[in-house]
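Colleague: predicted structure and sequence below. I'll ask about it afterward.
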Amino acid sequence: MLDLTFQTARSYGVDTDSLMKEYGIDAKLVTDPNARFRMEQIDALYDRIAELIDDPNFGLKAVQFWHPSQMGALGYAWLTSDTLRAAFKRYARFSKVVSDAVRLEIKETDDELSLDFHYLQKQSSQKFRIDGALATLMAMTRANAGSDFHPKAVSFTFEEPEDTGPYYALFQSPVSFSAPTNRFTITLEEADAPRSCSNIHLAQLHDQFMLEYVAQLDKENIIERVKVAITEELASGNISDALIAKKLFLTERTLQRRLQENGTTFKKLLTEVRIDLADNYIRDSKLSLNEISFLLGFSELSSFSRAFKNWTGSSPRNYRQEKRGEKRL
């Protein structure tokens, strides 16, 4: 999301063209969400930008410049998610598409849903970068939920700044500092409220693209590669570890061994993919339960129904009725 950083810097009068030349960054790649830059290169660039801007809270200004195109498929998948819960899940799962510097984690209580930002290196966890990340999430959330949306609470790991006014003005919610985690929290009611911009089919297309992209980023990521292959082959009705191994140019034994080394099995990954897809498909009223059963690779509806009840404790029909009821409330 280098373009977002440069737009923020330009609003303070920073000559970003000179910075690109100084740090060897191709201007054509700045607006490409799939472009990758060396971590050391970006860290040095961000440090320089922070030196040039005489505003310790400048990262918050990112809220003004976020656009889904800066995140590629992830940005549009976020926009077309049917709930903020689904959007948060996509962001946590596919954050690697836009950054290798942070890991996102979802936490849930009886009445709250939170997205935690875990920075993997100290150099990436400077105040202005944390500010920018949570301000960007504020912009993303308002794109789905409306301009008057505000979180239940926001927390930051750094010490309380001298001027906290911009934080309260932006988030319009309780804000805490010196916290254990950088966290953005919303209520469960807001998390599960239906959003008018949702489009399940488009969101799923973007998910598929991101699965493939993540797998390409890390060709050794056997888990994501297997999930991509499972997603592509599910509807064939002949899904098996032998088929997926062949698709990945591996022997069955090699596939099993590599999954075991990563603490999982083919059966677990197959179930994970089916659960994720089933939840999305059932929310789509255009698909019958028979069609969903076929899309998930089950030979008959009864087999799908039994599996779904094991996953959720509810039958597919009852689950669909519950979700429809939620949307009417």
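Modeller: Arrived safely, thanks for sending.
Colleague: what about Phe6, neighbour count?
Modeller: 22 (other Cβ atoms under 10 Å). C-beta: built from backbone N, CA, C; applies to glycine.
Colleague: equivalent analysis for Thr83, please.
Modeller: Counted with other Cβ under 10 Å, the neighbours of Thr83 add up to 22.
Colleague: residues in contact with it?
Modeller: Residues in contact with Thr83, defined by Cβ atoms under 8 Å, 6 or more residues apart in numbering, are Ala191, Asp192, Ala193, Pro194, Arg195, Ser198.
Colleague: any low-confidence regions in this structure?
Modeller: Applying pLDDT under 70 to the chain flags residues 32-36, 73, 96-98, 196-220, 284-286, 324-329.
Colleague: need the strands for it, in chain order.
Modeller: Secondary structure of the chain (DSSP state E): strands located at 102-108, 112-119, 153-155, 175-176, 182-187.
Colleague: nearest to Glu252, of those strands?
Modeller: Among the strands of the chain, strand 102-108 comes nearest to Glu252, with 31.6 Å by Cβ to Cβ.
Colleague: dump the residue contacts of Thr187.
Modeller: Residues in contact with Thr187, defined by Cβ under 8 Å, 6+ apart, are Asp111, Glu112, Leu113, Lys152.
Colleague: so the third one touches Ala191, yeah?
Modeller: Same thing as Leu113. Yes - if you go by Cβ atoms under 8 Å, Leu113 and Ala191 touch, sitting 4.2 Å apart.
Colleague: by neighbour count, which of the contacts of Thr83 wins?
Modeller: Counting by other Cβ under 10 Å, Ala191 has the largest number of neighbours within the contacts of Thr83, with 20 neighbours.
Colleague: pull the contacting residues for the closest residue in space to Pro56 that isn't next to it in sequence.
Modeller: In space, and not counting its chain neighbours, Pro56 is closest to Pro161: 5.9 Å by Cβ to Cβ, 6 or more residues apart in numbering. Going by Cβ under 8 Å, 6+ apart, Pro161 touches Pro56, Asn57, Lys127, Tyr167, Phe177.
Colleague: which one of these is nearest Phe184?
Modeller: Tyr167 (12.4 Å).
Colleague: for the stretch 151-300 of the chain, what spans make up the helices?
Modeller: Along the stretch 151-300 of the chain, counting by DSSP state H, counting those that start in this stretch, helices occupy 165-171, 188-192, 200-217, 222-233, 241-247, 252-261, 266-283, 289-295.
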